[in-house]
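K.L.:
quick one, fold the following:
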Amino acid sequence: MLPTLADVLRLPALQRARPKVVAGAKHLDTQVRWVHIAEVTDLAHLLRGGELVLTTGIAMPDSPEELRRYVEDLAAVGVSGIAVELGRKYPSETDLPKALLDAATETGIPIVSLERETRFVEITEAVHIRVVNEQLEELRESERLHEVFTQLSVEGARPAHVLREVAHLSGCPVVLENLAHQVLACDLNGEDPATVLASWESRSRAVRGGQRTVHDPATGWLVTMVGARGQDWGRLILVCGASPAPRQTMLVERAATTLALGRLLERHQESLERQTHRTIIAGIVDRSYSDPEEALVRARAVGVPLAGRHLIGLVLRLREGGTGLAAQARLADTAEGAARACRELRLPALVGSLDDLRVGILLALAPQDDLDSWLHRLADRIRDRVGSASVLAVGSGTEDIRDVRRSFLEARQVGDVAVHQADQRPFYRLPDLHLRGLLHLFRDDERLQTYVERELGQLLAYDDRHSSDLTDMLRHYLAAGRNKALAASRAHLSRPAFYERLRRISHVLDADLESVETCLSLHVALLSLDSVRDRLSQ
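P.N.:
Got it, this is the predicted structure:
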């Protein structure tokens, strides 16, 4: 950052000359780019702007008209000030022409009198050293920022990481928003969310500018566009105060470039909006917010009002898990499909992945809305978007943000059981799960696990030793209501082959498979086994 005229006047070389501002004192914040010594009147064409002009005054014209023209010409090229050494032409400060001072006041050029004779070369050296050092520091800072954000780009850092670095380097809150002025991500650097994000959309819409990076003095926002290849998709806003330093401008522009590059590289990954929604949902479920009102503020900032709404936690549970990029892409597609379904129905909702198997949806309905009607419409639209590879589970509704966690936990439990249901319901609630739901709730109980081992342990061990499928055959038999012909058909085996499997199962378990009570006990054990295995796989 270039030194201001006030900075220059504090340099020892200037102080020895006893400087005194005799006109234009309001403009000492003007930056000084260079110092020019001149003892000619026709000077303006030699300058480029930002110079401090040093003169003894001997060449200054005597007539008021020519003095005014002299000052106006210098003002036109943008000099930062005129320093006049007293003693040669003007013995004292009171001898400075009134026309010179009046013209300087009108044009906003500071006039500085130097009461002591001094070597101008000492002043020029001192100022030029200060300017060069400032420029070198700017270059070093630019290099540091380049290294930081290049590393972030190479690492594929997520927007939250980039914003955290911006907040750390600037000491200011930073917000990334989309073109609809909804918050996509933010790092408030310890500031109160209710203060920084309050009425965000309306405040943001009021800040406009014709340039790519602008500073709005009214809000203290430094705003730059974010995008690449001619397609802007957001704005990065640094809440930096009344007068941003060039370093802050450099910082926010470099961060915007990193975010734009990251967006290009994340075409097949979770969208930024999904990441933001996921973060808010996770904060609610994990109770990360010290004040529940913070969740309301953050959700409102992304365009999803939760206050005064009927809140319902939904879980879209994938039927099959997986690992690697394919599984991540499938989960991301499911989340985007659910979000599109909500947008098409104009349903206010936060939508984001909860883990590798589940997508969370927080619906925010008006109190008078018919929940079942909306759920049926949403389930149909989600099926159109993502197919039947998942089940939709519904938790209990609430008007209190504090109870949303319970709603999500209930929906999660329902979803884990519903993936094993044979009936193809559009969505499931806890009462729809009957015995499976009850067993799922008790899956962590050691007594249930002991029961599974007592009833099925020998059969499971037999299958492990012989790589056989007797447990699956027993499942077919019981699911068919002990109808052997139907079970054989579902198992894709001939009747004699299936009957032989049943005989072997009976021998391994030492159980009568014709007994209704025995088969009921084994069926409960199989359902319990599914619940226990679901817990272990999560």
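K.L.:
where does the stretch 351-500 of the chain have low pLDDT?
P.N.:
Scanning the stretch 351-500 of the chain for pLDDT under 70 picks out 434, 436-438, 440-441, 443.
K.L.:
for stretch 175-187, which residues meet the burial criterion?
P.N.:
V175, L176, E177, N178, H181, Q182, V183, L184, A185, C186, D187 (16 or more other C-beta atoms under 10 Å). C-betas here are computed from N, CA, C, even on glycine.
K.L.:
hmm, the last one is touching A160, no?
P.N.:
It refers to D187. Yes: using C-beta atoms under 8 Å, D187 is in contact with A160, at 7.3 Å.
K.L.:
measure the residue lying closest to V207 once chain neighbours are set aside to V175 for me?
P.N.:
Distances taken as C-beta to C-beta, 6 or more residues apart in numbering place D216 nearest to V207, at 4.6 Å, with adjacent residues excluded. Going from D216 to V175 by C-beta to C-beta, to the nearest Å gives 13 Å.
K.L.:
which residues touch A167?
P.N.:
P173, V174, D187, L188, N189 (C-beta atoms under 8 Å, 6 or more residues apart in numbering).
K.L.:
mind checking how far it is from D187?
P.N.:
For A167, the distance to D187 - C-beta to C-beta - is 4 Å.
K.L.:
what sits in contact with each of the two?
P.N.:
Joint contacts of A167 and D187 (C-beta under 8 Å, 6+ apart) are P173, V174.
K.L.:
what segments of the stretch 101-250 of the chain are helices?
P.N.:
When assigned using DSSP state H, counting those that start in this stretch, the helices of the stretch 101-250 of the chain occupy the ranges 120-155, 159-170, 193-196, 200-205, 246-265.
K.L.:
the stretch 301-450 of the chain too?
P.N.:
According to DSSP H, counting those that start in this stretch, the stretch 301-450 of the chain carries its helices in the segments 324-344, 371-386, 404-418, 434-441, 446-466.
K.L.:
need the ones you listed in JSON lines with distance to H36 and mean neighbour count, can you?
P.N.:
Putting the helices of the stretch 301-450 of the chain into JSON lines (distance: least, C-beta to C-beta, whole Å; neighbours: other C-beta atoms under 10 Å) gives the following:
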{"stretch": "helix 324-344", "distance to H36": "61", "mean neighbour count": "18"}
{"stretch": "helix 371-386", "distance to H36": "69", "mean neighbour count": "16"}
{"stretch": "helix 404-418", "distance to H36": "67", "mean neighbour count": "23"}
{"stretch": "helix 434-441", "distance to H36": "83", "mean neighbour count": "18"}
{"stretch": "helix 446-466", "distance to H36": "88", "mean neighbour count": "15"}
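K.L.:
mind checking those helices for the one nearest to I280?
P.N.:
helix 404-418 (10.5 Å; C-beta to C-beta).
K.L.:
residues contacting the residue positioned nearest the centre of the chain?
P.N.:
Relative to the mean C-alpha position of the chain, the nearest C-alpha, by C-alpha atoms, centre = their mean, is the one of A185, at 2.1 Å. Neighbouring residues of A185 by C-beta under 8 Å, 6+ apart: P159, A160, L163, V175, L176, L272, Q275, T276, T279.
K.L.:
about what we covered before: gap between the residue nearest to V207 and A245?
P.N.:
Using C-beta to C-beta, one gets 16 Å for the distance from D216 to A245.
K.L.:
looking at the buried residues of stretch 175-187, spot the one nearest D370.
P.N.:
Q182 (27.4 Å).
K.L.:
give me the pLDDT for the closest one.
P.N.:
In this prediction, Q182 carries a pLDDT score of 87.
K.L.:
same thing with G220?
P.N.:
For G220, pLDDT reads 92.
K.L.:
residues near it, how many?
P.N.:
Using other C-beta atoms under 10 Å, G220 has 15 other residues around it.
K.L.:
what are the phi and psi values at the nearest residue to it once chain neighbours are set aside?
P.N.:
Excluding its sequence neighbours, the residue lying closest to G220 (C-beta to C-beta, 6+ apart) is G241, at 4.5 Å. Dihedral pair for G241: phi 100, psi -160, per degrees, to the nearest 10.
K.L.:
what does the pLDDT read for G241?
P.N.:
85.
K.L.:
over to R267?
P.N.:
Value for R267, per-residue pLDDT: 51.
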